[in-house]
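Asker: quick one: sequence and predicted model below, then my questions.
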Amino acid sequence: MIYYQLDDGAAHPRQAYKHDAGIDLALKHDLTVPVGAHRVGDTGVHVAVPRGHVGMVFVRSSTGIKRHLVLSNGTGIIDSGYRGPIKISLHNTGNETQHITAGDYIAQLVAVPIATNNIAEVRELATSERGTNGIGSSK
């Protein structure tokens, strides 16, 4: 269960179909994103992501396809302890300025289980088959 609260003027998060993974999010204000620019929009939605989960924010597929808008950071991360409004940083990769109207559902939130991250510094890491082979090294 994901509990939420709304700021004044914010649209309720919605799930278009019963078993959809994503919960659609709308902006609570108009936003204009010029070609090649980044702009931050506020959903006015506050969530309590369950412990042991992370909220991942993506653009809706129609936002990317029809409006050529992507998240500036690829994927937004909502930690379980965060209670502020979900904000969406958009980048316009298209050839036209994009105007988003308040109430337009443009992003989606997906809650994903995570492993607990315990970190420790060591003198040496265990070896692996891949080793230090990085980007472009796979066959």
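Answerer: Arrived safely, thanks for sending.

Asker: how far away is the residue lying farthest from the centre of the chain from M1?
Answerer: Of all residues in the chain, R123 has its C-alpha farthest from the mean position, at 35.5 Å, by CA atoms, centre = their mean. Counting by CB to CB, to the nearest Å, the gap from R123 to M1 is 44 Å. All C-beta atoms are positioned from the backbone trio N, CA, C, and that covers glycine.

Asker: give the buried residues for the helix or strand bottoming out on mean pLDDT in the chain.
Answerer: The helix or strand of the chain with the poorest confidence is helix 61-67; it has a mean of 91 (mean pLDDT, DSSP states H and E). Across helix 61-67, burial judged by 16 or more other CB atoms under 10 Å covers 63-64, 67.

Asker: do stretch 111-125 as well
Answerer: A111.

Asker: mind checking how far the least confident helix or strand of the chain is from the chain centre?
Answerer: 15 Å (CA atoms, centre = their mean, to the nearest Å).

Asker: please apply the same query to stretch 95-109.
Answerer: Its chain's average C-alpha position is 14 Å from that of stretch 95-109, according to CA atoms, centre = their mean.

Asker: for stretch 36-48, same thing?
Answerer: How far stretch 36-48 lies from its chain's middle: 9 Å, per CA atoms, centre = their mean.

Asker: who's in contact with it?
Answerer: Here stretch 36-48 makes contact (CB atoms under 8 Å, 6 or more residues apart in numbering) with 2-11, 13, 25-29, 31-33, 55, 72, 78, 80, 83-93, 100, 106-107, 109.

Asker: on that earlier part again, now distance to A37 too, for the buried residues of helix 61-67, in a markdown table please.
Answerer: Output for the buried residues of helix 61-67, formatted as a markdown table (distance: CB to CB, whole Å):
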| residue | distance to A37 |
| --- | --- |
| T63 | 16 |
| G64 | 16 |
| R67 | 13 |
